[in-house]
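**Q** Provided below are the primary sequence and the corresponding predicted coordinates.
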Amino acid sequence: MKFGYREDCLAHDTGPRHPESPDRLRAIRRALSREHGVEYVSPESVAPDVVSTVHDSGYVERVREFCADGGGQWDADTVAVPDTWDAALASAGTAVWAADAALDGASGRETPFSLGRPPGHHAVADDAMGFCFFNNAAIATETALERVDRVAIIDWDVHHGNGIHDIFYDRGDVLYASLHEQGLYPGTGAIEETGAGEGTDRTLNLPLPPGSDDAVYLYAFEAAIAPAFERFDPDLLLVSAGFDAHERDPISRMRVSTEGFGALTARCRSLADRLDAPLAFVLEGGYGLESLSDGVRMINDVCDGREPVEPDEPVSESGRSVVDAAHEQLFDGD
């Protein structure tokens, strides 16, 4: 794979006990150093006016001033230092690069993956939250829509990507699908929320029960996400790739294995091929350093041709009921 990476992202120093630390990128780099076919590129940062295509310009300026004044606690979870401004622009730039590289024809072993931080999917139009300042995947999507008509986003981070959800909720040119743990931060992403106005039926929320495993996630993909994406027929498929649903992650109760993330990746590749839509990945969460780096390495291996091990456990009834209800909500009346 090709990985977008900037050293600037390490300078976003959240402190010694914060789960979203520079060590996340260092762990990924160490794991990938043992892999074949890994290539790094150093994308350009985005300009503030590009960030303002999805964020209020006044909010963008407040972030700049907050960092210039020394940073601190934006909220209880979200921390900035002076270098966070440059890191956030670099992180958004790597996401834009990933979308552009995919649209330029990168695929297979060349599939682009943005390794940026701070992450982005919680950042709403006018506020930072959940470790996120600028919504990297949303910025990449908005930029891609200058070249194509429709973009679909799969967000498998364990937390609902409320920022992406809100930014595109009434838009007809973006389909957003989120697999998240029910009841977890930020407590958003209900099944009944399927979009508004031109965005009606362009949002698919799958709040899965705690303890959901590979079988549930793959059932959700096959029974709800794939049909929605096939109906939407996107020109680009972006994955907001968080790894905090991993069975070894310290802040969730989900039970997705490393092989499970590989199977999800294989499903994404197969769906992208069927839709003739390029595929790109944007890093979100994941706070166990080993499980995070194992997950990223698995995506690299699958894009390099590895066949992941398929789960042999049955789909839990609680997981199946959520997925079936989400499918019915989105396709009711079809």
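**A** Yep, it's here.
**Q** packing partners for the host helix or strand of Ala326?
**A** Under the criterion of DSSP states H and E, Ala326 resides in helix 317-331. Contacts defined by 3 or more Cβ pairs under 8 Å, 6 or more residues apart in numbering; DSSP states H and E place helix 317-331 against strand 203-208, helix 214-220, helix 226-232. Where you see a C-beta, it was placed from the backbone N, CA and C, and this is true even at glycine.
**Q** need those in TSV (columns: distance to Ala31).
**A** Listed next are the helices and strands packed on helix 317-331 as TSV, based on distance: least, Cβ to Cβ, whole Å:
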stretch	distance to Ala31
strand 203-208	27
helix 214-220	21
helix 226-232	29
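**Q** now those in a markdown table, with mean pLDDT and mean neighbour count?
**A** Shown next, in a markdown table, are these (pLDDT from 0 to 100; neighbours: other Cβ atoms under 10 Å):
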| stretch | mean pLDDT | mean neighbour count |
| --- | --- | --- |
| strand 203-208 | 98 | 25 |
| helix 214-220 | 98 | 24 |
| helix 226-232 | 98 | 17 |
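**Q** which of those sits closest to Asp69?
**A** strand 203-208 (36.5 Å; Cβ to Cβ).
**Q** relative to helix 317-331, how tilted is that closest one?
**A** Interaxial angle, strand 203-208 versus helix 317-331 (axes from the mean of the first three to the mean of the last three Cα atoms, to 10 degrees): 170 degrees.
**Q** what comes into contact with strand 203-208?
**A** By Cβ atoms under 8 Å, 6 or more residues apart in numbering, the residues outside strand 203-208 that reach it are 160, 165, 168-169, 175-183, 189-191, 193-195, 216-217, 220, 224-225, 228, 254, 319, 322-323, 326, 330.
**Q** let's see 7 Å
**A** Under the criterion Cβ atoms under 7 Å, 6 or more residues apart in numbering, residues 165, 169, 176-182, 189-191, 193-195, 216, 220, 224-225, 228, 319, 322-323, 326, 330 lie in contact with strand 203-208.
**Q** what are the phi and psi angles of Val60?
**A** In this entry, Val60 is assigned phi and psi values of phi -60, psi -40 (degrees, to the nearest 10).
**Q** ok, it touching Val51?
**A** Yes - with contact defined as Cβ atoms under 7 Å, Val60 reaches Val51; the gap is 5.2 Å.
**Q** who's more crowded, those two?
**A** Neighbour count, other Cβ atoms under 10 Å: between Val60 and Val51, Val51 has more, with 27 against 22.
**Q** state the mean pLDDT of stretch 44-53.
**A** Stretch 44-53 carries an average pLDDT of 98.
**Q** and the contacts of that stretch?
**A** So stretch 44-53 is contacted by Val60, Leu89, Ala90, Ala92, Gly93, Val96, Phe134, Ile139, Glu142, Thr143 (Cβ under 7 Å, 6+ apart).
**Q** contacts only, for the first one.
**A** Translated: Val60. With Cβ under 7 Å, 6+ apart, Val60 has these contacts: Pro48, Val51, Ser52.
**Q** on that earlier part again, buried sites along the helix holding Ala326?
**A** Buried residues in helix 317-331, counted by 16 or more other Cβ atoms under 10 Å: Gly319, Arg320, Val322, Val323, Ala326, His327, Gln329, Leu330.
**Q** any idea how far Asp155 is from Leu175?
**A** 11 Å (Cβ to Cβ, to the nearest Å).
**Q** do Trp156 as well
**A** Counting by Cβ to Cβ, the separation of Trp156 from Leu175 is 15 Å.
**Q** who has more neighbours, the two?
**A** Counted by other Cβ under 10 Å, Trp156 and Leu175 do not tie: Trp156 has more neighbours, with 29 against 26.
**Q** shouldn't that one be in contact with Arg267?
**A** No - contact between Trp156 and Arg267 fails when scored by Cβ under 7 Å: they sit 10.5 Å apart.
**Q** thinking again about what came up before, so which of the helices and strands packed on helix 317-331 gets nearest Asp276?
**A** helix 226-232 (11.6 Å).
**Q** does Gly195 touch Tyr176 like I think?
**A** No - in this structure, Gly195 is not within contact of Tyr176 by Cβ under 7 Å, at 8.5 Å.
**Q** mutual contacts of the two, please.
**A** In terms of Cβ under 7 Å, 6+ apart, Gly195 and Tyr176 are both contacted by the residues Arg202, Thr203.
**Q** show me which of these two is the more surrounded one.
**A** Neighbour tally, Gly195 and Tyr176, criterion other Cβ under 10 Å: the higher count belongs to Tyr176, 31 against 21.
**Q** looks to me like the more buried one is in a helix.
**A** No - according to DSSP: H, G, I helix; E, B strand; the rest coil, Tyr176 belongs to no helix; its state is strand.
**Q** against Phe232, how distant is it?
**A** 10 Å.
**Q** buried ones in whichever strand or helix holds Asp301?
**A** Remark: Asp301 resides in helix 289-303, with elements defined by DSSP H and E. Buried residues in helix 289-303, counting neighbours by 16+ other Cβ under 10 Å, are found at 289, 291-303.
**Q** ok so Ala137 is a helix residue?
**A** Yes - looking at Ala137 with three-state DSSP, it is inside a helix.
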